[in-house]
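# okay, here's the prediction I keep looking at, along with the sequence it came from:
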Amino acid sequence: MKAYSEKMEGEPLIRPSTTDHPLYNDVVEACRTVHDPEIPVNIYDLGLIYTIDISANNDVYIEMSLTAPGCPVAGEMPGWVADAVLLVPGIGTANVELVWDPQWGMDMMSDEARLELGFM
């Protein structure tokens with residue numbers, strides 16, 4: 001069995017999210033409540049949340065990255081995300097994994113984040 005982080009040839013760099021799950025939008029909004037302490041934008045709009053996978057029994061698996069591997073809150077931020085997601089009514093468990101492939105880049109930010117940071 002291959003690990004989540006291993007990519008097979010032809011697979012997308014970022015696994016698709018389960019956007020059709022009824023709790024998907026609520027999980028996204030929960031992720032938006034978490035902010036990078038050094039950047040005044042939430043981590044979802046920064047593009048740090050790569051994949052939100054919600055199972056049939058409402059367990060959530062999230063792959064996320066950071067703006068840089070040396071981020072001072074690297075060890076804490078996945079817990080912040082899990083805690084926020086667990087506040088969504090109906091969620092069973094929340095597992096958040098840090099991934100570094102693909103490397104985060106400014107092109108992953110939403111238009112809202114670019115505007116807020118003065119890049120638009």
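Thanks, I have it.
# the closest residue to N42 other than its chain neighbours - how many residues pack around it?
Once flanking residues are discounted, N42 sits nearest to R32: 4.4 Å by CB to CB, 6 or more residues apart in numbering. (Glycine included, C-beta is placed from N, CA and C.) Neighbour count of R32, defined by other CB atoms under 10 Å: 15.
# in the chain, which spans are helices?
Per DSSP state H, the chain carries helices over the ranges 24-31, 77-86, 111-116.
# among those, show the one with the smallest mean pLDDT.
Among the helices of the chain, helix 111-116 carries the lowest mean pLDDT, at a mean of 89.
# restricting to C-alpha, output that helix in PDB.
The C-alpha trace of helix 111-116 is given here as PDB (Å, rounded to 0.1, in the frame of the first residue of the first chain):
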ATOM      1  CA  ASP A 111      -7.500  36.500  -5.200                       C
ATOM      2  CA  GLU A 112      -8.800  37.700  -1.800                       C
ATOM      3  CA  ALA A 113      -5.500  36.900  -0.200                       C
ATOM      4  CA  ARG A 114      -3.500  38.600  -3.000                       C
ATOM      5  CA  LEU A 115      -5.700  41.700  -2.600                       C
ATOM      6  CA  GLU A 116      -5.400  41.700   1.200                       C
END
